[in-house]
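Colleague: sequence and predicted structure are below.
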Amino acid sequence: MASANERYGRTNLLQENDYNYTLQDVEQANLFEDMFDYDQIPKITFNHRTVPMHFPDEIWITDTTFRDGQQARIPFSVKEVVDLYKLLHKLSGPKGIIRQSEFFVYTEKDRRALEECMALGYEFPEITTWIRANKKDFALAKDMGIRETGILVSCSDYHIFNKMGMTRGQALDKYLGVVKDALDMGIVPRCHFEDITRADFYGFVVPFARELMKLREESGIPIKIRMCDTLGYGVTYPGASLPRSVQGIVYGLRFYANVPSRLLEWHGHNDFYKVVCNAATAWLYGASSVNCSMLGIGERTGNCPIEAMAIEYVQLKGTQDGMDLRAITEIADYFEKELKYDINPRTPFVGRNFNSTRAGIHADGLLKDEQIYNIFNTEKILGRPVTVVIGEHSGLAGIAHWVNAHFKLEGAQKIDKKSGLVQKIKDEVDRQYAEGRTTSFGDNELEMIIRDADYMKYAALCAHVANIGDAPGQK
Ligand SMILES: CC(C)C(=O)C(=O)O
């Protein structure tokens, strides 16, 4: 029998360009120990090769909350999946910016959640699955009316040699066999290239992708490649070398393996704080799709937060394209209230304090013109008015801003920092700090201070809020 090197060699591959990288069926694993010496912090190396940007005409987001996200928490109930899926649909909008969401189908409960979401009849996000790579699971997905499914095809030697105990040739044979099974059943395979940022790009990743594109050509079925930055090693610095260069990976798959943008998807993790920038870079260099989870839940430090990429989409495209960004706030509320999930208060776009200030000097600016200290009109776009947290340094301006926002006072109703009520609140706040308090004031506490300082005024403020149909209380 021909060796893997011969089988996947030059003659066996598409010949569209001069760079016909062929499988290097090496005897020893290449673990890139110059970059990844396990006893040291990994290194970012540079070969100073830069690649051109190529922003696809159409970009979108896919969701992995119910797969990678769910793996890192107590499993969701069927109702929770359905509720969250409805919010994803709302965020997605009619153009399907949140295009797909992947579901497990292992257990009875998984399948019930999937069926209930399918029964909603939404076009977006399309429901896809993630399955074990065997014929039984393919049949299961097919029977449930699933068009596309994810399959694990780990591609670094850490996985091929050290986890699966195979050679690259054996791994390639196995993966192609599984993909062929999916194609035989008429299912679109989404190949999850696990650990691509530690894989031999020219010796395994590109030759494998070329074989997949050959199968795509033969079958007419669009085989997708998901580039999985499993441990978050990807970097976006110009001239950084492979396998860590995000733009290098995307460019290489497009150019050396002829994978079209619409079949390329980036899936990152946040181990080195780079997950959002890496995903945006994947878009900018030619991947149409980035894979995310709500609030970035997922293994270890998590996945790329879907809300971050929804906002990034608008920044890059200059349009919301039908997305309802207020769904971001509803998702955050659902996680906090229904799932009892703690969101770090500083988390951009969803944390309690993402648009709040404690500094009196900032509050003073906010009182004069909100734009001075708020990133954008967070009330209009996300349903999150800018807030002031009352602490030791909030000052009269901060307290006045808090009263106006908390009791929803507009225009002439607004109270000024020189008002007697504001002074009384400040006196009490100062008194408590002078007695040794160190924490900031909660909304309820401040309400009680107002009630004790001026009961009639407090009753009038509460009546005002009740009249405009909302209870007081900032997020
Ligand atoms: C299991 C794989 C596909 C994954 O999610 C990852 O690499 O992060």
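Modeller: Now that the structure is in, tell me what you want to look at.
Colleague: and for the closest residue to the ligand within the stretch 301-450 of the chain, the neighbour number?
Modeller: Residue nearest to the ligand within the stretch 301-450 of the chain (C-beta to the nearest ligand atom): residue 303, separated by 7.6 Å. For glycine as for every other residue, the C-beta is placed from the backbone atoms N, C-alpha and C. For residue 303, the neighbour count with other C-beta atoms under 10 Å is 29.
Colleague: nearest residue to it in space, please, no chain neighbours.
Modeller: Among residues not flanking residue 303 along the chain, residue 293 sits closest, at 4.2 Å (C-beta to C-beta, 6 or more residues apart in numbering).
Colleague: please apply the same query to residue 185.
Modeller: residue 138 (4.9 Å).
Colleague: right, and the one you found touches residue 180 too?
Modeller: No. Contact between residue 138 and residue 180 fails when scored by C-beta atoms under 8 Å: they sit 10.9 Å apart.
Colleague: which one's more surrounded, these two?
Modeller: Taking neighbours as other C-beta under 10 Å, residue 138 and residue 180 compare with residue 138 leading, 25 against 14.
Colleague: is it true that the more buried one lies in a strand?
Modeller: No. Counting by DSSP: H, G, I helix; E, B strand; the rest coil, residue 138 falls outside a strand, being helix.
Colleague: now for whichever strand or helix holds residue 169, which elements pack on it?
Modeller: Residue 169 is part of helix 168-184 when elements are defined by DSSP states H and E. If contacts are counted by 3 or more C-beta pairs under 8 Å, 6 or more residues apart in numbering; DSSP states H and E, helix 168-184 sits against helix 4-7, helix 135-143, strand 148-152, strand 188-193, helix 206-219.
Colleague: of the ones you listed, which is nearest residue 312?
Modeller: Comparison of the helices and strands packed on helix 168-184 against residue 312 by C-beta to C-beta identifies strand 188-193 as nearest, at 22.3 Å.
Colleague: list the contacts of the closest one.
Modeller: Under the criterion C-beta atoms under 8 Å, 6 or more residues apart in numbering, residues 128, 147-155, 175, 178-179, 182-183, 199, 205, 208, 212, 221-228, 265, 267 lie in contact with strand 188-193.
Colleague: one more time with 7 Å, if that's ok
Modeller: By C-beta atoms under 7 Å, 6 or more residues apart in numbering, the residues outside strand 188-193 that reach it are 128, 147-153, 155, 179, 182-183, 205, 212, 221-228.
Colleague: likewise for stretch 241-251?
Modeller: 32, 35, 44-47, 51, 196-199, 201, 227, 233-236, 264, 278, 281-282, 285-287.
Colleague: now do stretch 174-186
Modeller: Taking C-beta under 7 Å, 6+ apart as the rule, stretch 174-186 contacts 133, 135, 138-139, 142, 149, 151, 153, 189, 191, 208, 211-212, 215, 219, 221, 223.
Colleague: show me which of these are buried.
Modeller: Neighbour counting by 16 or more other C-beta atoms under 10 Å classes 133, 138, 149, 151, 153, 189, 191, 208, 211-212, 215, 219, 221, 223 among these as buried.
Colleague: in TSV: the residues you listed, plus pLDDT and distance to the ligand.
Modeller: Output for these, formatted as TSV (pLDDT from 0 to 100; distance: C-beta to the nearest ligand atom, whole Å):
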residue	pLDDT	distance to the ligand
133	73	12
138	86	17
149	96	13
151	95	9
153	96	9
189	97	13
191	98	10
208	98	15
211	98	19
212	98	16
215	98	20
219	97	23
221	98	20
223	98	16
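Colleague: closest to residue 112 out of those residues?
Modeller: Out of the buried ones among the contacts of stretch 174-186, the member with the shortest distance to residue 112 (by C-beta to C-beta) is residue 149, at 18.3 Å.
Colleague: in which helix or strand does the residue nearest to that closest one when sequence neighbours are not counted reside?
Modeller: Leaving aside its chain neighbours, residue 149 sits nearest to residue 129 (4.5 Å; criterion: C-beta to C-beta, 6+ apart). Assessed by DSSP H and E, residue 129 sits inside strand 126-130.
Colleague: ok, residues contacting that strand?
Modeller: For strand 126-130, the surrounding residues in contact (C-beta under 7 Å, 6+ apart) are 67, 99-105, 114, 117-118, 141, 146, 148-150, 190.
Colleague: could you see whether the ligand lies near it?
Modeller: No. Using C-beta under 6 Å from any ligand atom, strand 126-130 stays clear of the ligand, coming no nearer than 8.1 Å.
Colleague: what is the residue nearest to residue 303 paired to in the beta sheet?
Modeller: As for beta bridges, residue 293 partners with residue 305 under DSSP bridges.
Colleague: numbering from 35 from now on, please.
Modeller: Right, with 35 as the first residue, what we last looked at is residue 327.
Colleague: what residues are up against it?
Modeller: Neighbouring residues of residue 327 by C-beta under 7 Å, 6+ apart: 97, 98, 99, 102, 103, 337, 340.
Colleague: try it again at 6 Å.
Modeller: Contact analysis of residue 327 by C-beta atoms under 6 Å, 6 or more residues apart in numbering lists 98, 99, 103, 337.
Colleague: cool, and residue 419?
Modeller: Neighbour list for residue 419: 413, 439 [criterion: C-beta under 6 Å, 6+ apart].
Colleague: let's go with 8 Å and repeat that
Modeller: Residue 419 sits next to 389, 412, 413, 439, 508 when contact means C-beta under 8 Å, 6+ apart.
Colleague: quick one: the residue nearest to residue 183 and the ligand, what's the gap?
Modeller: Residue 163 is 13 Å from the ligand, where distance means C-beta to the nearest ligand atom, to the nearest Å.
Colleague: let's see the pLDDT reported for that residue.
Modeller: We have a pLDDT of 96 for residue 163.
Colleague: near it, how many other residues are there?
Modeller: 27.
Colleague: and for residue 259?
Modeller: Residue 259: 24 neighbours (other C-beta under 10 Å).
Colleague: can you get me the centre-to-centre distance for the helix or strand where it lies and its chain?
Modeller: Here residue 259, judged by DSSP H and E, is contained in strand 258-263. Mean-position distance between strand 258-263 and its chain equals 14 Å (C-alpha atoms, centre = their mean, to the nearest Å).
Colleague: how far away is the residue nearest to residue 337 from residue 316?
Modeller: Separation of residue 327 from residue 316 (C-beta to C-beta, to the nearest Å) stands at 16 Å.
Colleague: again, but for residue 225
Modeller: Counting by C-beta to C-beta, the gap from residue 225 to residue 316 is 16 Å.
Colleague: kindly report the same for residue 107.
Modeller: For residue 107, the distance to residue 316 equals 25 Å [C-beta to C-beta].
Colleague: got it, and residue 345?
Modeller: Counting by C-beta to C-beta, the gap from residue 345 to residue 316 is 16 Å.
Colleague: looking at these two now, which is surrounded by more residues?
Modeller: Higher neighbour count among residue 345 and residue 316: residue 316, with 29 against 22, using other C-beta under 10 Å.
Colleague: do you know how far that one is from residue 176?
Modeller: Going from residue 316 to residue 176 by C-beta to C-beta gives 30 Å.
Colleague: on that earlier part again, give me the buried entries from the contacts of stretch 275-285.
Modeller: 66, 69, 85, 230-233, 235, 261, 267-270, 298, 312, 315-316, 319-321.
Colleague: which residue does the stretch 85-234 of the chain have closest to the ligand?
Modeller: Relative to the ligand, the nearest point of the stretch 85-234 of the chain is residue 226 (3.6 Å; C-beta to the nearest ligand atom).
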